[in-house]
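Visitor: Structure for this input, please:
(one chain, ligands or ions: 1)
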Amino acid sequence: MKVLIIGAGPAGLSCGYELTKAGIGVEIYEASPYVGGMARSFDLWGQRVDMGPHRFFSREKHINEFFTTLVKDDYTLVNRLTRIYYRNRFFHYPIKLFNVLLNLPPFTILSILWEYLRIRLFPYKNPTTFEEWVSNRFGRKLFEIFFKHYSEKLWGISTSKIDADWAAQRIKSLSLWEAVISAIFGNKGDKHKTLLDQFAYPNNGTGTLYERAAEYITAHGGKVTLQNPVKKVIQDAGGRVNGIELKDGTIVLADRVVSTMPLTLMVKGLKDVPADVISAAEKLYFRNTILVYLEVDSMDLFKDNWIYVHSPEVKHGRITNFRNWSKELNRDKKTTILCMEFWAFDHDEIWKDKDENIAGLAMKEIHIMKLVPPQTKILNTFVLRVPRCYPVYETGYQVNLKKVENYLDTVENLIPIGRYGAFKYNNQDHSILMGILAADKITQGLDTDLWKINTDVEYQEEARIKDVLIQ
Ligand SMILES: Cc1cc2nc3c(=O)[nH]c(=O)nc-3n(C[C@H](O)[C@H](O)[C@H](O)COP(=O)(O)OP(=O)(O)OC[C@H]3O[C@@H](n4cnc5c(N)ncnc54)[C@H](O)[C@@H]3O)c2cc1C
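Guide: Have a look, this model is predicted:
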């Protein structure tokens, strides 16, 4: 059997790795010159960086085995420090009660408590939007301070238009009460992902995982070709998928195709797709990210791994400090690399603006926040655009996605997976799980519903990197 995989990101490579282990011939076609997709690591100014912060965490045994088998003990357990910056003040994330009390004026605190009590008594009956869902959990005031501005920067639409799915996936069942209990008594139960404060990080960057998966595949007879974009998936006369067409026109035939290319583009390339499915796919859209890297002439700027920037007066939404991940990343350099994230749609001015203007804006904002003292030099800047980074969960998106999913379920020999491949707001662990389960589907003929990953808590098993390694 020969399987073609479109894309060498976490989903494509974990699938390729599992298939190669099972003795199945795999060919991976990757558009870019790199493996790792959005989770790749790369050299910059003599140091190593990721594409923004990449914390790996999973409770699922197979995902952790994938990590531990490839990374071995070449990782650091990082104590996470993440804060929220809001109107010139820093708040711990997850929220720490005393920190909130010290940072907010008494009137605001009373308003938080009042709004919390109010929503407990009169909650939104069927919360369908992000705004309603979060307000039900935390009260309206906390929602405004800790969720609204950041989410609107990220998604570019009002929180009243963002689907509750996003909150349900990311915040799980964490409530204000639990956040408060955790703030007072610590997080010994380790119950919710959002509260975890330690994670395993490959010493040479998160991309190590994917570089090693690609090495394994090629060392065991598989093929990973870079700079080889796929134009479309091809089908035989009966509609069954039987290969791919590369951008240069080459046809490659196979028994199965696993696709992690953007779902919206992939569907359009198929033949005889009903008009209502095309129209549903056209209504699904993505948000882009602009990463601005700054090399700062200092080794001691702040201790956070990353900071969420909720303040509406600056445009960026998150800053990563790569000095605070593993020692190896910095390679004995005496400077610090920061990465600031701006989000945009294709039509937004900032997306079309010149690199030097975007870097200028980033430097201005980092000074407004006083994270880099005015006398400290910024030695270098680098702007990286990441298109189609976030599938936008605008209210009602499930109806369109479901239509596309139902149609693709009728196309034989095709398995769409991945963050933009399946239009799911995946972290690495979700994409890896999709890859592993896609491989199981092929090798064991299973009927697993891969669309459910990242929407269904049943996949979250109890196992942690640390537990797997220590036993
Ligand atoms: C700024 C940022 C911060 C993040 N933080 C975290 C974090 O803290 N923790 C975490 O776990 N995850 C994080 N993520 C998410 C993580 O990067 C993704 O979940 C993961 O990379 C998704 O893997 P994937 O294989 O599904 O998709 P991708 O990584 O997007 O890989 C898809 C691959 O397919 C290739 N491709 C696309 N079209 C074609 C084509 N036509 N032909 C051939 N190849 C094609 C692409 O070039 C890409 O390499 C973050 C992402 C970003 C951008």
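Visitor: How many residues are close by the nearest residue to Gly243 once chain neighbours are set aside?
Guide: Leaving aside its chain neighbours, Gly243 sits nearest to Leu253 (4.0 Å; criterion: Cβ to Cβ, 6 or more residues apart in numbering). Bear in mind the C-beta positions are built from the backbone N, C-alpha and C, glycine included. Neighbour count of Leu253, defined by other Cβ atoms under 10 Å: 11.
Visitor: Report the contact partners of Leu253.
Guide: Lys2, Asn242, Gly243 (Cβ atoms under 8 Å, 6 or more residues apart in numbering).
Visitor: Residue ranges in the stretch 351-471 of the chain under the pLDDT threshold?
Guide: Along the stretch 351-471 of the chain, segments meeting pLDDT under 70 span 455-471.
Visitor: Which one of the contacts of Leu253 is nearest to the ligand?
Guide: Using Cβ to the nearest ligand atom, Gly243 is the member of these that sits closest to the ligand, with 13.6 Å.
Visitor: Give me the neighbour count for that closest one.
Guide: Gly243, neighbours per other Cβ under 10 Å, totals 18.
Visitor: what's the answer for the one 3 residues further on, then?
Guide: Residues lying near Leu246 (other Cβ under 10 Å) number 16.
Visitor: And the strands in the stretch 51-200 of the chain?
Guide: Using DSSP state E, counting those that start in this stretch, the strands of the stretch 51-200 of the chain run over 75-79, 82-86, 89-93, 198-202.
Visitor: Could you point out the helix or strand that follows the last one?
Guide: So the one you mean is strand 198-202. Towards the C-terminus, the helix or strand next in line after strand 198-202, according to DSSP states H and E, is helix 208-219.
Visitor: Parallel or antiparallel, which strands does the helix or strand that comes right after that following helix pair with?
Guide: Sequence-wise, the next helix or strand downstream of helix 208-219 (DSSP H and E) is strand 223-225. Partner strands and pairing direction for strand 223-225 (DSSP bridges) are strand 25-29 (parallel).
Visitor: buried residues in the following helix or strand past the partner strand?
Guide: In the C-terminal direction, the helix or strand that comes right after strand 25-29 (DSSP H and E) is strand 41-44. By neighbour count with 16 or more other Cβ atoms under 10 Å, strand 41-44 contains the buried residues Ser41, Leu44.
Visitor: Strand 41-44 pairs with which strands, parallel or anti?
Guide: Strand 41-44 is paired, per DSSP bridges, with strand 47-50 (antiparallel).
Visitor: residues in the chain within reach of the ligand, list them.
Guide: 6-12, 29-32, 37-39, 51-56, 229-230, 260-261, 289, 341, 386, 389, 418-421, 426-429, 431 (Cβ under 6 Å from any ligand atom).
Visitor: still on that earlier bit, export the contacts of Leu253 to a markdown table and append columns for secondary structure and pLDDT.
Guide: Supplementary listing: these in a markdown table, determined by DSSP: H, G, I helix; E, B strand; the rest coil; pLDDT from 0 to 100:
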| residue | secondary structure | pLDDT |
| --- | --- | --- |
| Lys2 | strand | 97 |
| Asn242 | strand | 97 |
| Gly243 | strand | 98 |
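Visitor: quick one, strands of the stretch 351-471 of the chain?
Guide: 378-391, 414-416.
Visitor: hang on, Leu294 is in a strand, isn't it?
Guide: Yes - read with DSSP: H, G, I helix; E, B strand; the rest coil, Leu294 is one of the residues of a strand.
Visitor: Just list the residues touching it, thanks.
Guide: Ile337, Leu338, Cys339, Met340, Ala359, Ala362, Met363, Ile366, Val372, Ile378, Asn380, Thr381.
Visitor: of the residues you listed, closest to Asp409?
Guide: Cys339 (38.6 Å; Cβ to Cβ).
Visitor: which of the strands of the stretch 351-471 of the chain is buried the deepest?
Guide: strand 414-416 (a mean of 25; mean count of other Cβ atoms under 10 Å).
Visitor: Any chance you could list what contacts that one?
Guide: Outside of strand 414-416, the residues within contact range by Cβ under 8 Å, 6+ apart are 233, 241, 256-260, 263, 266, 408, 422, 438, 441-442, 450.
Visitor: and if we set it to 7 Å?
Guide: With contacts defined as Cβ atoms under 7 Å, 6 or more residues apart in numbering, strand 414-416 is touched by 233, 241, 256-259, 263, 266, 408, 422, 438, 441, 450.
Visitor: Quick check: chain neighbours aside, which residue is closest to Ser151?
Guide: For Ser151, the spatially nearest residue (Cβ to Cβ, 6+ apart) is Thr159, at 5.2 Å.
Visitor: State the pLDDT value of the one you found.
Guide: If you check Thr159, the pLDDT there is 93.
Visitor: how many neighbours does it have?
Guide: Applying other Cβ under 10 Å, we find 23 residues neighbouring Thr159.
Visitor: Return the residues in contact with it.
Guide: Thr129, Phe130, Glu131, Lys148, Ser151, Glu152.
Visitor: please redo it, this time with the cut-off set to 6 Å
Guide: Phe130, Glu131, Lys148, Ser151 (Cβ atoms under 6 Å, 6 or more residues apart in numbering).
Visitor: tell me the phi and psi of it?
Guide: Note on Thr159: its backbone torsions stand at phi -60, psi -20 [degrees, to the nearest 10].
Visitor: on that earlier part again, which one of the contacts of Leu294 is nearest the ligand?
Guide: Using Cβ to the nearest ligand atom, the contacts of Leu294 come closest to the ligand at Cys339, 8.0 Å.
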